[in-house]
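Colleague: I need the structure of the sequence given here:
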Amino acid sequence: MMHETSPEVVTKLFTRADGTYQFARWGRPVAPVAFGVEDSAVSILKGAIEAVCRLAKHEMAETDPELGSNFMVFFVRDWQELADTPNLDRLIPELGPLVGRLKSADANQYRLFRFDEAGGIKACFVFLRMDAALSELPADTLCLGQAVQSILLWSDAAFATSSPLALTGDNVAILKPDVANVIRAAYDPVMPVAADDASHALRMAARVGALLAAGASDAT
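Modeller: Predicted coordinates for the structure are as follows:
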């Protein structure tokens, strides 16, 4: 059953740990590529991204005219592998300090975004250190979770204590309805591509309500 998403809930989803409100969605088609995994896993990842883009009614592409691929996912066993990857520091100038911070924090994942002149997402780099926790996840669950967390600029604390996914009775991972509704509302053409004022959360909550009302109307 769908639940109403309040302005307070939306506000928390896009309020960062430092108290600033920052929202952004993709401003161009998503062109994904993955490194460090077999082709079968790449297919699962692209399938997950395609499913989330379809939900958002956002386009995917084979290539990005500016960057080639604009959604890059790196699977590593140790963070040092990133530092040792040839020319990656050209693409990500802050790579050295970033790897140091990830090691110090004993992190197993990190997402780095780039933005266009309008504030929309133009690139996303996802780094996954396949520790015991991530390795235990089924590939489709891991990939769906990363696709969801990369389709918007969520708060750095948005899913720190609660996953955006839920398990069905058959132990299949699905996107939580409330999170799905926020994604759909975020990509509504009437909504801005980026926002840094918390009043945006009021509009988002209103769009979620409108989508739910339309869904209920369609069902009758």
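Colleague: ok but Asp102 is inside a helix, no?
Modeller: Rather than Asp, residue 102 is Leu. Yes: Leu102 sits within a helix when classified using DSSP: H, G, I helix; E, B strand; the rest coil.
Colleague: ok, it - contacts?
Modeller: Trp79, Tyr110, Phe127, Arg129 (Cβ atoms under 8 Å, 6 or more residues apart in numbering). For glycine as for every other residue, the C-beta is placed from the backbone atoms N, C-alpha and C.
Colleague: and what of Asp170?
Modeller: Contacts of Asp170 by Cβ under 8 Å, 6+ apart: none found.
Colleague: What of the one 4 residues further on?
Modeller: Listed by Cβ under 8 Å, 6+ apart, the contact partners of Ile174 are Leu165, Ala166, Leu167, Thr168.
Colleague: which helix of the protein spans the most residues?
Modeller: In the chain, assigned by DSSP state H, the helix with the most residues is helix 199-219.
Colleague: what packs against that helix?
Modeller: Applying 3 or more Cβ pairs under 8 Å, 6 or more residues apart in numbering; DSSP states H and E, one finds that helix 199-219 contacts helix 7-13, helix 177-186.
Colleague: Check which residues of the first one are buried.
Modeller: By neighbour count, and taking 16 or more other Cβ atoms under 10 Å as the criterion, the buried residues in helix 7-13 are Pro7, Val9, Val10, Thr11, Leu13.
Colleague: top strand in this protein by residue count?
Modeller: Looking across the chain with DSSP state E, the single longest strand is strand 121-129.
Colleague: So which residues of this structure form strands?
Modeller: 23-24, 32-35, 71-76, 109-115, 121-129, 165-167, 173-175, 194-195.
Colleague: quick one: average confidence on the longest one?
Modeller: It refers to strand 121-129. Per-residue pLDDT values over strand 121-129 give a mean of 97.
Colleague: Got the domain ranges for this structure?
Modeller: 1-23+157-220, 26-151 (automatic domain parsing).
Colleague: Quickly, which of the ones you listed bottoms out on average pLDDT?
Modeller: domain 1-23+157-220 (a mean of 87).
Colleague: Go ahead and measure how far that one is from the middle of the chain.
Modeller: Remark: domain 1-23+157-220 is offset 13 Å from the chain centroid, using Cα atoms, centre = their mean, to the nearest Å.
Colleague: sorry, back to before: helix 177-186 and the longest helix of the chain, what's the angle between them?
Modeller: 110 degrees (axes from the mean of the first three to the mean of the last three Cα atoms, to 10 degrees).
Colleague: How about helix 199-219, which residues are buried there?
Modeller: His200, Ala201, Arg203, Met204, Ala205, Arg207, Val208, Leu211, Leu212.
Colleague: got the CA coordinates for it in CSV?
Modeller: The C-alpha atoms that make up helix 199-219 are tabulated as CSV, following Å, rounded to 0.1, in the frame of the first residue of the first chain:
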residue,chain,number,x,y,z
SER,A,199,10.7,25.0,0.1
HIS,A,200,11.4,22.6,-2.8
ALA,A,201,10.5,19.7,-0.4
LEU,A,202,7.0,21.2,-0.1
ARG,A,203,6.6,21.0,-3.9
MET,A,204,8.0,17.5,-4.0
ALA,A,205,5.5,16.3,-1.4
ALA,A,206,2.7,17.9,-3.3
ARG,A,207,3.8,16.1,-6.5
VAL,A,208,3.9,12.8,-4.6
GLY,A,209,0.4,13.4,-3.4
ALA,A,210,-0.8,14.3,-6.9
LEU,A,211,0.8,11.1,-8.3
LEU,A,212,-0.8,9.0,-5.6
ALA,A,213,-4.2,10.6,-6.3
ALA,A,214,-3.8,10.0,-10.0
GLY,A,215,-2.9,6.4,-9.4
ALA,A,216,-5.9,5.9,-7.1
SER,A,217,-8.1,7.5,-9.8
ASP,A,218,-6.7,5.3,-12.5
ALA,A,219,-7.4,2.2,-10.3
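Colleague: Done for today, thanks.
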